[in-house]
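Student: Sequence and predicted structure below; questions after.
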Amino acid sequence: MLSTAPPARPYRLVALDLDGTLLNDDGAISPEDAAALVRFSRSGGLVVLASGRMTDNIRPWYDALGLDGPTIAYNGALARQACREGGGIILHTPLPAQYGDALLDYTQEEGLQLNYYYDEQLYSREEERLRAYADLYARQTGAVFRFLPDLERFRGCEPTKLLIVTEPGHRDELYQVWRARWGAEVTVMRTNPEYLEFFHREASKGRALKALAGHYGLEQSLTLAFGDNYNDVSMMEWAGCGVAVTNAKEEAKVAADWTSPRTNNESAVAEALARLLGW
């Protein structure tokens with residue numbers, strides 16, 4: 001990791017994590033960051049929003065910017081074209097059914113909130129005692145649930161991802177349990193303090209970014225990626241230049257080529273783009 005910003009280059013793609021990176025702690029994009037991304041887009045650059053969220057919960061941020069671009073959703077399990085191109089799927093790497101079925105059983109037995117993502121919809125069991133966890137997730141991401149009496153109809157299906165919502169301390173306990181059980185077979189990842197996420201072992205933001213760059217014919221060396229959390233590590237490692245905001249987890253800073261001196265509350269993206277593009 002460099003102590004000073006790398007030399008400026010004519011980057012053609014910038015991939016940005018949302019929560020904790022592009023979005024400030026109030027859940028908004030600063031005017032400075034928005035203006036910088038619009039300038040980059042108007043110069044011919046490709047802006048890519050990359051998040052653990054569903055596609056429908058990423059797209060509104062393009063609308064807020066007045067831009068269009070491809071999405072990396074579900075932490076890289078799904079990548080889609082820009083809306084103007086039809087929004088077609090570039091990459092989809094769902095979780096094999098055997099793991100989905102095992103988590104259906106486990107969360108039912110243990111009384112845990114399970115978010116089941118399938119065919120770009122979010123499903124959950126309708127259980128009053130777990131509703132607070134679903135409501136928490138909906139507030140934080142804007143996701144809309146489809147509540148069902150049970151999730152048995154999905155047995156044998158391949159979900160795009162699965163997510164357990166629970167108390168932060170319990171989340172960390174479950175992480176140790178499932179990492180030990182499935183660590184070599186499934187990606188088990190901590191994201192927000194209450195979230196434990198499960199993906200296909202090959203699904204990642206980095207793999208999705210590689211697929212997008214290839215789809216658009218862009219050189220790896222001319223790609224930029226901004227992040228702050230564990231799920232951003234692969235994206236920053238693959239990009240020609242990975243930038244961590246200063247509020248990032250230590251693992252993200254280690255993976256980055258450079259750590260901005262600014263946080264997500266201080267328009268870190270705008271300041272870094274000015275340095276790295278030589279504006």
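Tutor: Ah, there it is. Residues are numbered from 1 along each chain as shown.

Student: Just the element for the residue nearest to L162 when sequence neighbours are not counted, please.
Tutor: Of all residues not flanking L162 in the chain, F198 sits nearest, at 4.4 Å (CB to CB, 6 or more residues apart in numbering). Just so you know, the C-beta spots here come from the backbone N, C-alpha and C atoms, and that holds for glycine as well. F198 is located in strand 195-200, with elements delineated by DSSP states H and E.

Student: Can I get stretch 121-131 in PDB, CA atoms only?
Tutor: Taking Å, rounded to 0.1, in the frame of the first residue of the first chain, the C-alpha atoms of stretch 121-131 are listed here in PDB:
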ATOM      1  CA  GLN A 121     -36.800 -10.700  -5.400                       C
ATOM      2  CA  LEU A 122     -36.300 -10.800  -1.700                       C
ATOM      3  CA  TYR A 123     -38.200 -13.400   0.300                       C
ATOM      4  CA  SER A 124     -38.600 -14.100   4.000                       C
ATOM      5  CA  ARG A 125     -40.700 -16.200   6.300                       C
ATOM      6  CA  GLU A 126     -43.600 -14.200   7.800                       C
ATOM      7  CA  GLU A 127     -42.800 -14.500  11.500                       C
ATOM      8  CA  GLU A 128     -43.800 -11.700  13.900                       C
ATOM      9  CA  ARG A 129     -41.000 -12.300  16.300                       C
ATOM     10  CA  LEU A 130     -38.400 -11.800  13.500                       C
ATOM     11  CA  ARG A 131     -40.100  -8.800  11.900                       C
END
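
Student: Give me the contacts around that stretch.
Tutor: If you take CB atoms under 8 Å, 6 or more residues apart in numbering as the criterion, stretch 121-131 is touched by 54, 108, 111-117, 134, 143-151, 154.

Student: which of the residues you listed are buried?
Tutor: Neighbour-count burial within the contacts of stretch 121-131 applies to 54, 112-117, 134, 143, 145, 151, 154; the criterion is 16 or more other CB atoms under 10 Å.

Student: would you say M236 is within a helix?
Tutor: Yes: with the criterion set as DSSP: H, G, I helix; E, B strand; the rest coil, the secondary structure at M236 is a helix.

Student: quick one, phi psi at the residue nearest the centre of the chain?
Tutor: In the chain, the residue lying closest to the centroid (CA atoms, centre = their mean) is S51, at 2.2 Å. Main-chain dihedrals, S51, degrees, to the nearest 10: phi -150, psi 170.

Student: can you count the residues close to the nearest residue to A213 once chain neighbours are set aside?
Tutor: Residue nearest to A213 in three dimensions, not counting chain neighbours: T223, with 5.6 Å by CB to CB, 6+ apart. If you count neighbours by other CB atoms under 10 Å, T223 ends up with 24.
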